[in-house]
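A.B. asks: predicted model, plus sequence, below.
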Amino acid sequence: MRRLFSLDWRSRLPARCELCGDGPHGPICPDCHRDLAPLVPRCPSCALPLPPGLELCDTCRQASSPPWQQAHARLDYREPWRRCILKLKTPHGWGWADALARLWLDDPHIVALLQEADGWLPVPLSPQRLAERGHNQAWSLMQALARRTRTPPAQAQVLRRAAQAPVLHYLDAVSRRQWETQLFQLAPSAQRWVRGRHLVVVDDVMTTGTTLRAACAALLQAGAASVRALVLARTPAPEHGA
């Protein structure tokens, strides 16, 4: 059955590279993986690209500290990677998780983060989103990572999204902040497990950071020793005048 499952998801992936059309290498060829995903310094507070010589970006130096100890992103959420991540979010898109998760493993800081953690947790989707997609893309990425690394166990059932929580993407900034402390709850069976652990919260994209802040804050309130945020891609900061 496992073999049939593997063949099924591989059969849904393009044989030629999604980014350059070369093949047959699968959805992301080695050249595009190397050339289109360079490692760049990033702000440890917001995960945006960091200018040389700075430890924090200008915005984060003036802002209050987020609940996570550090935030890590591998890519900017722009083309051509945006197209690949959107494919991951489709009903049969979990096959893309392996090709995309490999990008994390190029970054030694991210590899160390994963190895040192006591556990990884995906950001839960709303029931509506989960029904639309058929899978949680953060959990699919974590499973792909676990297949390739010797790391602590991933935990899917620790955080729960509040039953009446809206999809934050559709809310204005004030409404998002109001929901931040109510968005997630811990499963009763997970309360003891969380206490004293160093955890990594995983998602595919960080935009405003509200969802990740809510998840990390809920874990710290439950007694986690520390929480770090890991995303595949970070939405770029708005350009001046845009």
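C.D. replies: Okay, I see it.
A.B. asks: not counting sequence-adjacent ones, nearest residue to Tyr77?
C.D. replies: Spatial nearest neighbour of Tyr77, excluding adjacent residues (C-beta to C-beta, 6 or more residues apart in numbering): Ala233 at 3.9 Å. For glycine as for every other residue, the C-beta is placed from the backbone atoms N, C-alpha and C.
A.B. asks: test my guess that that neighbour contacts Pro80.
C.D. replies: No - using C-beta atoms under 8 Å, Ala233 is not in contact with Pro80, being 11.5 Å away.
A.B. asks: who's more crowded, the two?
C.D. replies: Ala233 (23 against 14; other C-beta atoms under 10 Å).
A.B. asks: beta partners for that one?
C.D. replies: Note on Ala233: beta-bridge partners by DSSP bridges are Leu75, Val205.
A.B. asks: please report how far Gly23 lies from Trp96.
C.D. replies: Gly23 is 16 Å from Trp96, where distance means C-beta to C-beta, to the nearest Å.
A.B. asks: give me the more crowded residue out of those two.
C.D. replies: When Gly23 and Trp96 are compared on other C-beta under 10 Å, the one with more neighbours turns out to be Trp96, at 27 against 12.
A.B. asks: distance check, that one against Ala154.
C.D. replies: Distance of Trp96 to Ala154, computed by C-beta to C-beta: 18 Å.
A.B. asks: SS state for Cys84?
C.D. replies: Following DSSP: H, G, I helix; E, B strand; the rest coil, we place Cys84 in the helix state.
A.B. asks: any figure for the gap between it and Pro14?
C.D. replies: According to C-beta to C-beta, Cys84 stands 11 Å off from Pro14.
A.B. asks: also Leu159?
C.D. replies: Counting by C-beta to C-beta, the separation of Leu159 from Pro14 is 33 Å.
A.B. asks: how about Pro41?
C.D. replies: Shown here: Pro41 relative to Pro14, a distance of 32 Å by C-beta to C-beta.
A.B. asks: looking at those two, which one has more neighbours?
C.D. replies: Between Pro41 and Pro14, Pro14 has the larger neighbour count (other C-beta under 10 Å), namely 16 against 13.
A.B. asks: residues in contact with the more buried one?
C.D. replies: Contacts for Pro14 (C-beta atoms under 8 Å, 6 or more residues apart in numbering) come out as 23, 26-27.
A.B. asks: and it, its phi and psi?
C.D. replies: As for Pro14, its main-chain torsions (degrees, to the nearest 10) stand at phi -70, psi 140.
A.B. asks: all strands of this structure, in order?
C.D. replies: For the chain, the strands defined by DSSP state E occupy 71-76, 119-122, 159-161, 184-186, 198-206, 226-234.
A.B. asks: got the contact list for the second one?
C.D. replies: When you say that, I think you mean strand 119-122. By C-beta under 8 Å, 6+ apart, the residues outside strand 119-122 that reach it are 114, 136, 138-139, 141-142, 145, 151-156, 158-159, 193, 197, 199-203, 215, 219, 230.
A.B. asks: point out where this structure drops to low pLDDT.
C.D. replies: Within the chain, the ranges that satisfy pLDDT under 70 run 1-12, 152-153, 163-180, 239-242.
A.B. asks: now with 50, please.
C.D. replies: 1-9, 11, 240-242 (pLDDT under 50).
A.B. asks: run a quick neighbour tally on Pro52.
C.D. replies: By other C-beta under 10 Å, neighbour count at Pro52 equals 5.
A.B. asks: quick check: closest non-adjacent residue to it.
C.D. replies: Pro41 (7.3 Å).
A.B. asks: contact partners for the one you found?
C.D. replies: So Pro41 contacts 49-50, 52 (C-beta under 8 Å, 6+ apart).
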